[in-house]
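Visitor: let's see this in three dimensions:
(one chain, ligands or ions: 2)
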Amino acid sequence: MSATRTLELRQPDDFHLHLRDGDMLRAVASISAAHFGRAVIMPNLVPPITDCAGVEAYRDRIMAALPLGSSFEPLMTLYLTEATQPAEVERAAVAGLIRAVKLYPAGATTNSASGVRDMEKIFPVLERMQQLALPLLVHGEVTRRDVDIFDREQVFLEQVLEPLRQRFPALPIVLEHVTTRQGVAYVRSADSGLAATVTAHHLIINRNAMLVGGIRPDYYCLPVAKRETHRQALLEAATSGDRRFFLGTDSAPHAREAKLCECGCAGIFTALNAMACITQLFDDAGALDRLEGFVSLHGADFYGLPPNRKFIRLQRESTPQLFPSVVPAGTDTVRVFDPGMDVFWQVVATMDIAG
Ligand code: DOR
Ligand code: ZN
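Guide: Ligands and ions are numbered 1, 2, ... in the order given. Just a heads-up that it's a prediction; the model follows:
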């Protein structure tokens, strides 16, 4: 067993987060705010956040759910529908209400029914976003029934993303929660304006976690975890120091009953232990010197934000951590991600200055 070690980093940001609403929001907001300085907030509520008024009201509910004195900053997004007007997006961007717009192909994932079926319908919005240099965040999966669920990201790259980038070459795009080596290679092939978020869970599990020895709904998310070679490609990208890859946890809490039923929801709740798990991964990969880039610097840089002013301290304990298995949310509970590996690191402090 190695001795206790500590590590100080700029406070990290979460560039892809589901905070939900109501009791769930009140249960999970403080958990993200305990580690992260800012987070890009997903707009896939029911109904989705599609206009300025919706963004403002949701932002207020998030702020109200944070602990007193918290400096956590939600970076809001709009949910793109085929009816979204360029003027509304511009208004939201110019007013500083949003940092990005989220594209869900209709039917791709949780609460994506109002998403986009016909890409041409959103061309005027994308044109305006390109002028504003406002990032488009894509859920990169096609939804055609004839495309195997394990191939949906790769087909999206070829059939949707590449044509889109050719048509809007100056539009900043984030391939959210990349899960395949083809996705990694595609992001690497772009000179500028394209980046990818990587989740903690896709860096840790492959599809065996979900399917071997019984079906484990707690490891079901979208895009679904792929085979081991893909996980390795993601880990290599995340730990490589390449500025085009940064953390977006996609922490996606669902009530226990919504996961454990005939048609369970996709989503893994990782906000509580994502930082500990990722630090362990980088330690195991001999890449702790690249951790700060991945969790605290690359994403901010892509979004044109300054690094957080605060710092966090992580400590490597001599025995593995025990995470709570569930957190309460109103009358429900939410399962906390079980990484299935020893995690010795934990976040022990947030500080205004280093040291
Ligand atoms: O696993 C997922 N859960 N993937 C998504 O794209 C959506 C998210 C959710 O909202 O639950
Ligand atoms: Zn998501």
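Visitor: contact partners for residue 247?
Guide: 12-15, 197-200, 238, 274, 278, 294-295, 299 (CB atoms under 8 Å, 6 or more residues apart in numbering). In this view, the C-beta of every residue, glycine as well, is placed from N, C-alpha and C.
Visitor: just those: which are in strands?
Guide: 14-15, 197-198 (DSSP state E).
Visitor: tabulate the contacts of residue 247 (JSON lines), appending pLDDT, neighbour count and distance to residue 93.
Guide: What follows is the contacts of residue 247, written out as JSON lines (pLDDT from 0 to 100; neighbours: other CB atoms under 10 Å; distance: CB to CB, whole Å):
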{"residue": "12", "pLDDT": "98", "neighbour count": "30", "distance to residue 93": "25"}
{"residue": "13", "pLDDT": "99", "neighbour count": "27", "distance to residue 93": "19"}
{"residue": "14", "pLDDT": "99", "neighbour count": "30", "distance to residue 93": "21"}
{"residue": "15", "pLDDT": "99", "neighbour count": "31", "distance to residue 93": "17"}
{"residue": "197", "pLDDT": "99", "neighbour count": "24", "distance to residue 93": "20"}
{"residue": "198", "pLDDT": "99", "neighbour count": "28", "distance to residue 93": "26"}
{"residue": "199", "pLDDT": "99", "neighbour count": "30", "distance to residue 93": "26"}
{"residue": "200", "pLDDT": "99", "neighbour count": "28", "distance to residue 93": "29"}
{"residue": "238", "pLDDT": "99", "neighbour count": "31", "distance to residue 93": "29"}
{"residue": "274", "pLDDT": "99", "neighbour count": "30", "distance to residue 93": "28"}
{"residue": "278", "pLDDT": "98", "neighbour count": "27", "distance to residue 93": "30"}
{"residue": "294", "pLDDT": "99", "neighbour count": "26", "distance to residue 93": "27"}
{"residue": "295", "pLDDT": "99", "neighbour count": "29", "distance to residue 93": "26"}
{"residue": "299", "pLDDT": "98", "neighbour count": "28", "distance to residue 93": "18"}
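Visitor: closest one to residue 89 out of those, please.
Guide: Among those, residue 15 lies closest to residue 89 (CB to CB), at 19.4 Å.
Visitor: isn't that closest one right next to residue 301, touching?
Guide: No: when contacts are counted by CB atoms under 8 Å, residue 15 is not listed as touching residue 301 (11.1 Å).
Visitor: and the gap between residue 162 and ligand 1?
Guide: Using CB to the nearest ligand atom, to the nearest Å, one gets 21 Å for the distance from residue 162 to ligand 1.
Visitor: and that residue, that's in a strand?
Guide: No: using DSSP: H, G, I helix; E, B strand; the rest coil, the secondary structure at residue 162 is helix, not a strand.
Visitor: tell me the phi and psi of the nearest residue to it once chain neighbours are set aside?
Guide: Nearest residue to residue 162, sequence neighbours excluded (CB to CB, 6 or more residues apart in numbering): residue 186, at 7.9 Å. Residue 186 adopts backbone torsions of phi -60, psi -40, taken as degrees, to the nearest 10.
Visitor: same deal with residue 264?
Guide: Per degrees, to the nearest 10, the backbone of residue 264 is at phi -70, psi 150.
Visitor: how about it, nearest residue that isn't a chain neighbour?
Guide: Take residue 264 and drop its neighbours on the chain: the residue closest to it by CB to CB, 6+ apart is residue 217, 4.5 Å away.
Visitor: which ones are touching residue 105?
Guide: Here residue 105 is in contact with 112, 115-117, 139, 141-143, 156, 160 (CB under 8 Å, 6+ apart).
Visitor: let's see it at 7 Å
Guide: 112, 115-116, 139, 141-143 (CB atoms under 7 Å, 6 or more residues apart in numbering).
Visitor: next one: residue 313
Guide: Contacts of residue 313 by CB under 7 Å, 6+ apart are 6, 8, 348-349, 351.
Visitor: circling back to that earlier point, the residue nearest to residue 162 and ligand 1: what is the separation?
Guide: 19 Å.
Visitor: surely that residue touches residue 157?
Guide: Yes: counting by CB atoms under 7 Å, residue 186 does reach residue 157; the two are 4.9 Å apart.
Visitor: and the stretch 151-300 of the chain, which of its residues are near ligand 1?
Guide: 221-222, 250, 252, 265-267 (CB under 6 Å from any ligand atom).
Visitor: let's see it at 8 Å
Guide: For the stretch 151-300 of the chain, the residues in contact with ligand 1 (CB under 8 Å from any ligand atom) are 176-177, 220-223, 250, 252-254, 265-268.
Visitor: now do stretch 340-355, average pLDDT.
Guide: Averaged over stretch 340-355, pLDDT sits at 93.
Visitor: now it: buried residues?
Guide: Going by neighbour count (16 or more other CB atoms under 10 Å), the buried part of stretch 340-355 is 343-347, 350.
Visitor: what residues does it touch?
Guide: Contacts of stretch 340-355 (CB under 7 Å, 6+ apart): 8, 11, 35, 204, 209, 273, 275-277, 279-280, 283, 310-317, 320-321.
Visitor: and the residues you listed, which of them are buried?
Guide: Buried residues within the contacts of stretch 340-355, counting neighbours by 16+ other CB under 10 Å: 11, 35, 204, 209, 273, 275-277, 279-280, 283, 311-316.
Visitor: mind checking which of the residues you listed land in helices?
Guide: Members of the buried ones among the contacts of stretch 340-355 lying in helices (criterion: DSSP state H): 204, 209, 275-277, 279-280, 283.
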